[in-house]
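Enquirer: Mind folding the following:
(chains A and B)
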Amino acid sequence: MGLDLSVQIGKIKLKNPVLVASGTFGHAKEFEDFFDLKKLGGIVTKTITLKPRLGNPPPRIVETPAGMLNAIGLQNPGVERFIEDKLPYLKKLGVPIIVSAMGYSVDEFMQVVQTLDRADGIDGYELNLSCPNVPYSSKTETLSLVKMFAHDDRMIEEVVSAVRQVTDKTLIAKLGPDVSDVPKMALAAEKAGADAVSLINTFIAMVIDVKTRKPVLANKTGGLSGPCIRPIAVRMVWETAKRVKIPVLGMGGIMNAEHALEFLIAGATAVQVGTANFMNPEASSQVLNGIEDFMKKEKLSSMKEIIRSVKS
Amino acid sequence: MFKETCEVLENKTVAPDHFLLKLSSKKIGKAALPGQFVQILCSGDSLDPLLPRPFSFLEASPTSFSLLYHVVGQGTELMAKFKKGDKVHVLGPLGKGFTLRRKTEDGRGKRLLVGGGVGIPPLYHLAKDLVRTKEVKKSDIHVFLGARNKSLLLCEKDFLKLGVQLHLATDDGSKGHKGYVTQVLVKFLKSSIFHLPSSLIHSCGPTPMLKAVSLVASEFGAPNEVSVEVPMACGFGACLGCALKVKGETPGSHRFAIACTEGPVFEGSKILWD
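Expert: Prediction:
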């Protein structure tokens, strides 16, 4: 009996539910020595902006108990050079390519996606509404009141609706955890036409060097990721999957198959492996193997038997 | 670049709080070049601490490699407990190492290796390779070592065995010049008559030392390369965490180089020091 691990996210049929998270997998080539990238259910690229970005000054990372903070600041070559230099390799892989896109205003979000939409080989977009490490600026009055798009349901709706008008491809909204009501934000994305939501981005966090009394990161704050955030992420996925009709992609500190299964059982249709890629470049491949082993052991044949199977 | 589970062959104290770790390896040791590094998962499968730790090679062979580390925190404390036969997850060889071969017009150039603290081991790897490949005559390889005291002049005996020219400095004057190793370097550059533009200065050690060596080198018109140490997560260019401020393409501009893939060895003149 063959295992059917396929899942559907918008218009994309993934052959399995294991993707790699934006900002943790470079543009995939960095990992080609470690495993056959074709195994992946999908690849989410490092976030691309309209113009090239130098990123934040160092130090950009600091380790914390069972996690790490990063404040990379979206260092990327910009949309045009991404299409020229990075996309040709990605599209040859034969794996669904989801480009993480970000703009500093609604207009810029539209421009990035419009530019990407003219290129070949992209299956969908994950809108990074929740990078904690870059300042946002906009003429929109509502935006000046919030630190990031994902902190305001009206802004999420505005961005997603605008981008929805410029592309027919699968649109995923990546939301941040630093809000009191994540499902409310997910509902806003759904209402605006998102095909799915990704939960969650990193938590805004801080580490201080007590000797110098200065924050360790040059950016002062950074995004907390790794196993320490996983239980919160699982809870947020569980809460959200009950409320929205669109699929939820779950992520946050997945190190192995058991962690991935927690997210799937809680209600995620697919998962993204993130920080684990840094200490174990084969992590995503091992997560997939582990899910297959679990299915065989539990005599399951399709993902339907796992997704949202949480018992009360 | 390989992911290998290596067996601990040896893990012994070589100086106060400094250990030499020798690991079996079928792939990494064979491919290792001086100045490249490995990422060691100190915590094994427990992932506490979470991130791997980067170390340069001290020596490498087709069946093993070794590194020399200073116990400074949670990760290296765990490493100090490694026993013979333990299995360790390693990633490597990573990054771009030191310049080995170099065309010079007249072959008159010297190689000056300047090291401090745990920056010394990769310079030993380099010196050994330069001697083995006969790239430079032993008498044209000058090694400058600096440490707090004589017990921390790492690899001193190994360099002597190699037959290269050794210059020492200690902060407390317990061996060699009392003061900084860069002072010894300046004195040497001032008193020696040799062709500086065809020579090359390699340095590895604390950042203030690298900066000083780089400034001295440019003052004397000698090309120089430094191996930097910056906070790092993945080690293979995925996280973009190990940024280093370097000169940009246009005069006066800057950009952030990713030390694990573009380095850790950089041309000293390209770095924008704080």
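Enquirer: From here on, just use CA atoms for contacts and neighbour counts.
Expert: Noted.
Enquirer: Do I have it right that B:Val114 meets B:Ala127?
Expert: No - in this structure, B:Val114 is not within contact of B:Ala127 by Cα atoms under 8 Å, at 11.1 Å.
Enquirer: Which one of the two is surrounded by more residues?
Expert: Between B:Val114 and B:Ala127, B:Val114 has the larger neighbour count (other Cα atoms under 10 Å in any protein chain shown), namely 28 against 25.
Enquirer: residues contacting the more buried one?
Expert: B:Val114 makes contacts with B:Ile120, B:Leu123, B:Val143, B:Phe144, B:Leu145, B:Val181, B:Ile201, B:His202, B:Ser203, B:Cys204, B:Val213, as judged by Cα atoms under 8 Å, 6 or more residues apart in numbering or on different chains.
Enquirer: after the strand or helix carrying it comes which helix or strand?
Expert: Per DSSP states H and E, B:Val114 falls inside strand B:111-116. Counting by DSSP H and E, the next helix or strand C-terminal to strand B:111-116 is helix B:120-132.
Enquirer: Parallel or antiparallel, list what pairs with the next helix or strand after that next one.
Expert: Scanning forward in sequence from helix B:120-132 by DSSP H and E, the next helix or strand is strand B:141-147. Partners of strand B:141-147 in the sheet, by DSSP bridges, are strand B:111-116 (parallel), strand B:165-170 (parallel).
Enquirer: and the strand holding B:Val114 with helix B:120-132, angle?
Expert: Using axes from the mean of the first three to the mean of the last three Cα atoms, to 10 degrees, the direction of strand B:111-116 lies 160 degrees away from that of helix B:120-132.
Enquirer: tell me which residues in the longest strand along chain B are buried?
Expert: Looking across chain B with DSSP state E, the single longest strand is strand B:2-15. For strand B:2-15, a neighbour-count test (16 or more other Cα atoms under 10 Å in any protein chain shown) marks B:Phe2, B:Lys3, B:Glu4, B:Thr5, B:Cys6, B:Glu7, B:Val8, B:Leu9, B:Glu10, B:Asn11, B:Lys12 as buried.
Enquirer: Stretch A:6-15 now?
Expert: Those would be A:Ser6, A:Val7, A:Ile9, A:Gly10, A:Ile12, A:Leu14, A:Lys15, for stretch A:6-15 by 16+ other Cα under 10 Å.
Enquirer: And chain B, is the host helix or strand of A:Leu90 touching that?
Expert: Element membership of A:Leu90 [criterion: DSSP H and E] is helix A:87-92. No - if you take Cα under 8 Å from any Cα of the partner chain as the test, helix A:87-92 misses chain B, and the best it gets is 14.8 Å.
Enquirer: In terms of secondary structure, what does the helix or strand just after that helix contact?
Expert: Next in sequence after helix A:87-92, counting helices and strands by DSSP H and E, comes strand A:97-101. Packed against strand A:97-101 by the contact rule (3 or more Cα pairs under 8 Å, 6 or more residues apart in numbering or on different chains; DSSP states H and E) you find strand A:42-44, helix A:106-117, strand A:124-128.
Enquirer: Out of those, which is closest to chain B?
Expert: For the helices and strands packed on strand A:97-101, the distance to chain B is smallest for strand A:42-44, at 12.7 Å, taking Cα to the nearest Cα.
Enquirer: starting at the chain centroid, how far to the closest one?
Expert: Counting by Cα atoms, centre = their mean, to the nearest Å, strand A:42-44 is centred 9 Å from the centre of its parent chain.
Enquirer: Give the pairing partners of that strand; include direction for each.
Expert: The pairing partners recorded for strand A:42-44 under DSSP bridges are strand A:18-20 (parallel), strand A:97-101 (parallel).
Enquirer: who in the stretch 101-250 of chain B is up against chain A?
Expert: Residues of the stretch 101-250 of chain B found near chain A (Cα under 8 Å from any Cα) are B:230-245.
Enquirer: 7 Å instead, please
Expert: Within the stretch 101-250 of chain B, the residues that sit near chain A (Cα under 7 Å from any Cα of the partner chain) are B:Pro231, B:Ala233, B:Cys234, B:Phe236, B:Gly237, B:Ala238, B:Cys239, B:Leu240, B:Gly241, B:Ala243, B:Leu244.
Enquirer: returning to what we had before: would you turn the helices and strands packed on strand A:97-101 into JSON lines with mean neighbour count?
Expert: Converted to JSON lines, these look like this (neighbours: other Cα atoms under 10 Å in any protein chain shown):
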{"stretch": "strand A:42-44", "mean neighbour count": "26"}
{"stretch": "helix A:106-117", "mean neighbour count": "20"}
{"stretch": "strand A:124-128", "mean neighbour count": "26"}
